[in-house]
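Visitor: I would like the atomic coordinates for the input below:
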Amino acid sequence: MSFKSTTLRLFAAYLIMAFSFINAASAQENWQGSWGASPAFAVGPELNNATIRQYVRISVGGSKVRFRFSNETGTQPLVIGAARVARPGNAPGSIDPASSKVLTFGGQNSITIPAGAPAISDPVDLSVAPFETLAVSLFLSRWTGPSVVHPLGEQTAYLSEAGDSTEASSLPDAKTSTMRFLLSRVEVAGEGSTLVTLGDSITDGYSSGVDVNKRWPDVLAERLKADGAKVGVVNAGISGNRILHDQPEAMFGPSALSRLDRDVLSVPNLRWVVIMEGINDIGHSTSAGLSEQNVTSDEIIGGLRQLISRIKGHGAKAYCATLTPYEGTVFANYYKSEGEEKRQAVNEWIRNGKNCDAVIDFDAAVRDAANPKKLRAEFDEGDHLHPNATGYKAMADSIDLGLFR
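Guide: Numbering: from 1, shown residues only. Below you'll find the model as predicted:
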């Protein structure tokens, strides 16, 4: 064989390989986040030989779906003996058995997730629509130790200790909980990008109502869909969360700085992040008597700068939301005049600084015009710190949808 012939054959083989790689790349799905619930520390009940069924309303649809399960704050290996996804049935806690599909992990029906790790299921060929509700059932075949949960779920979950009931229409002898268990994200094969909302109880939807999906990120997702945007919204709020410190209670979860990679930067097709954090950095140290965790406004701003820098370094835009008023809150020692001065200083930096890609002024959206240190009465949940469902809607409605185009 001549040198010329050999060269031509090698060149042809190279072209075949190149086109194969191109075709393979073009065949890959565009994954985007559609739902999220960030894990706190492992403060859930110890479970064994139990089935959990929980319901999630996704924000954007797609041709396939996959699920991210978290043992990232767990202390024991998490054994998922079986997992299924289905459409809800007519009765509370039920599924439509005809729609039920097995979830696999690397082709296997079960998986052991080490302590400190997540696991993502294989994609499921299930076409889902925006705002569709999915039922996810997990059988936990081994003792979990304190389970990994998202404490403020505001959604009813069903637990049965009668073995593997993942295929059952309704779980036998089920108890209920409003926590989220082990499930931290739903991702879909879609056509758009993802927005993550990073925050505390106000983003988490404290007192927005159980099973009604009235958190401000929920309402924002509805507005985006009505506007024609194909934007998945992943809620990464944890009630009680802070920027600079974990806890003071385990249910308040890892700090925003420590969980940013896990809850935000790992989300596929991340394009925007709305940050609303800092009010608990101000209030927790005085309410919990943690003088050693007292922070200045400059320290809070420094933490925000770190979050913004890391988000931008990941190629996403960082939008900063102002901190809402809380004078007169019923939580003892949470509000102090010096704390209000810190809130004002942080908000001034957000409004006037150049670090944020945009400002979302939630403070202006919900404050009382007669006393800007307080929530408007019609937006107040009653504790003078958290908005109610009407207040959350006002927050979502105040956001310029042009930021997500």
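Visitor: need the contact list for Asp218.
Guide: When contacts are counted by CB atoms under 8 Å, 6 or more residues apart in numbering, Asp218 touches Arg57, Ser59, Gly205, Ser208, Val233, Asn235, Ala396. Heads up, the C-betas are built off the backbone N, CA and C, glycines and all.
Visitor: quick one: which of these has the most company?
Guide: Ser59 (30 neighbours; other CB atoms under 10 Å).
Visitor: any idea how far it lies from Trp35?
Guide: Applying CB to CB, to the nearest Å, the value for Ser59 to Trp35 is 6 Å.
Visitor: list the residues that contact both of these two?
Guide: Val234.
Visitor: low pLDDT regions in this structure?
Guide: For the chain, the stretches with pLDDT under 70 are 1-27.
Visitor: got the domain ranges for it?
Guide: The chain breaks down by automatic domain parsing into domains covering 31-184, 192-404.
Visitor: hmm, back to that, in strands only, show me the contacts of Asp218.
Guide: Arg57, Val233, Asn235 (DSSP state E).
Visitor: close enough to count as contact, the last one and Arg215?
Guide: Yes: in this structure, Asn235 sits in contact with Arg215. The criterion is CB atoms under 8 Å, and the distance is 6.5 Å.
Visitor: what residues are shared contacts of those two?
Guide: Thr203, Asp204, Gly205.
Visitor: contacts for the helix or strand hosting Val273 next, please.
Guide: Using DSSP states H and E, the element containing Val273 is strand 270-276. Residues outside strand 270-276 that contact it (CB under 8 Å, 6+ apart): 33, 193-200, 202-203, 256, 264, 304, 307-308, 311, 314-321, 323, 360, 362, 403-404.
Visitor: the helices in the stretch 1-150 of the chain, which residues?
Guide: 3-27 (DSSP state H, counting those that start in this stretch).
Visitor: got it, and the stretch 201-350 of the chain?
Guide: 201-204, 216-226, 256-260, 279-287, 297-313, 337-352.
Visitor: elements contacting the first one?
Guide: Packed against helix 201-204 by the contact rule (3 or more CB pairs under 8 Å, 6 or more residues apart in numbering; DSSP states H and E) you find helix 216-226, strand 231-237.
Visitor: swap in 7 Å and give it another go.
Guide: strand 231-237 (3 or more CB pairs under 7 Å, 6 or more residues apart in numbering; DSSP states H and E).
Visitor: look up how far Val359 lies from Lys101.
Guide: Taken as CB to CB, the span from Lys101 to Val359 is 43 Å.
Visitor: counting neighbours, go ahead and name the busier of the two.
Guide: Using other CB under 10 Å, the more surrounded residue of Lys101 and Val359 is Val359, with 18 against 14.
Visitor: distance of the more buried one relative to Asn352?
Guide: In terms of CB to CB, Val359 sits 9 Å off from Asn352.
Visitor: check Glu381 too.
Guide: For Glu381, the distance to Asn352 - CB to CB - is 30 Å.
Visitor: can you list the strands that the helix or strand harbouring Leu198 pairs with?
Guide: Using DSSP H and E, the element containing Leu198 is strand 193-199. The strands beside strand 193-199 in its sheet (DSSP bridges) come out as strand 231-237 (parallel), strand 270-276 (parallel).
Visitor: so of those strands, which one's packed in deepest?
Guide: strand 231-237 (a mean of 28; mean count of other CB atoms under 10 Å).
Visitor: what comes into contact with it?
Guide: 32-38, 59-60, 185, 190, 192-200, 203-204, 215, 217, 220-221, 224, 263-264, 267, 404 (CB atoms under 7 Å, 6 or more residues apart in numbering).
Visitor: hmm, back to that, could you single out the most deeply buried of the helices of the stretch 201-350 of the chain?
Guide: helix 201-204 (a mean of 26).
Visitor: pull the distance from that helix to the chain's centre.
Guide: Distance, stretch centre to chain centre, for helix 201-204: 11 Å (CA atoms, centre = their mean, to the nearest Å).
Visitor: over to stretch 65-79?
Guide: Relative to where its chain is centred, stretch 65-79 has its mean C-alpha point 15 Å off (CA atoms, centre = their mean).
Visitor: which outside residues touch it?
Guide: So stretch 65-79 is in contact with 39-42, 80, 85, 103, 112-124, 126, 128, 136, 140-142, 144-146, 148, 182-188, 262, going by CB under 7 Å, 6+ apart.
Visitor: dump the residue contacts of Glu248.
Guide: Small correction: residue 248 is Pro, not Glu. Contacts of Pro248 (CB under 7 Å, 6+ apart): His284, Ala288, Leu290.
Visitor: phi, psi of it?
Guide: phi -70, psi -10 (degrees, to the nearest 10).
Visitor: Glu154 contacts Met179, correct?
Guide: No: checked against CB atoms under 7 Å, the pair Glu154 and Met179 is beyond contact range at 9.7 Å.
Visitor: where does the closest residue to Gly62 other than its chain neighbours fall, secondary structure wise?
Guide: Sequence neighbours aside, Val188 is the residue nearest to Gly62 in space, at 3.0 Å (criterion: CB to CB, 6 or more residues apart in numbering). Secondary structure from DSSP H and E places Val188 in strand 183-189.
Visitor: quick one: that strand to strand 231-237, angle?
Guide: Taking axes from the mean of the first three to the mean of the last three CA atoms, to 10 degrees, one finds strand 183-189 and strand 231-237 inclined to each other by 170 degrees.
Visitor: other residues contacting strand 183-189?
Guide: With CB under 7 Å, 6+ apart, strand 183-189 has contacts from 29-39, 54, 56, 58, 60-70, 118, 123, 128, 136, 234, 268.
Visitor: at 8 Å what do you get?
Guide: In contact with strand 183-189 (CB under 8 Å, 6+ apart) are residues 29-39, 54, 56, 58, 60-70, 72, 118, 120, 123, 128, 134, 136, 138, 150, 232, 234, 263, 267-268.
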